[in-house]
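Peer 1: Return atomic coordinates for the entry below.
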Amino acid sequence: MRTHQRRQLSDRSEDQPTSSERPVGHTPTSADQRLTISVDEAGQLLGISRGLACALANRGDIPSIRLGRRIVVPRHALDQLLDVPDDAA
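Peer 2: Okay, here's the model as predicted:
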């Protein structure tokens, strides 16, 4: 490990969780602020595998939008699918 890398690691605050302590899919910005989530994240929220989530999105059972090569799931559409009230989301 190089000296500057060691220094950066030791300078990190003890309050911040390491990458191994963060939940899978955790990003510094809150997922609640995003209007869309990935198909993988939708699968995690639904408690199903990534493969099944992709298959359901391709079939149209999970509402999704293609943005270039990426497929995303609108949070609002997923909430409506599950009949989640707006104030609970």
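Peer 1: Number of residues surrounding the spatially closest residue to I37 that is not a sequence neighbour?
Peer 2: What sits nearest to I37 in space, not counting adjacent residues and going by C-beta to C-beta, 6 or more residues apart in numbering, is V73, at 5.4 Å. Yep, even glycine has a C-beta here, placed from its N, CA and C like the rest. Using other C-beta atoms under 10 Å, the number of residues around V73 comes to 25.
Peer 1: which residues touch the helix or strand that contains V73?
Peer 2: Using DSSP states H and E, V73 maps to strand 70-74. Residues outside strand 70-74 that contact it (C-beta atoms under 8 Å, 6 or more residues apart in numbering): 35-39, 41-42, 54, 57, 62-65.
Peer 1: farthest-separated two in those?
Peer 2: Taking C-beta to C-beta as the measure, the contacts of strand 70-74 reach their widest spread between L35 and C54, a distance of 20.2 Å.
Peer 1: For the protein, which segments count as helices?
Peer 2: For the chain, the helices defined by DSSP state H occupy 3-11, 39-46, 50-59, 75-81.
Peer 1: from the ones you listed, which stretch is densest packed?
Peer 2: Most buried of the helices of the chain, by mean neighbour count (mean count of other C-beta atoms under 10 Å): helix 39-46, with a mean of 19.
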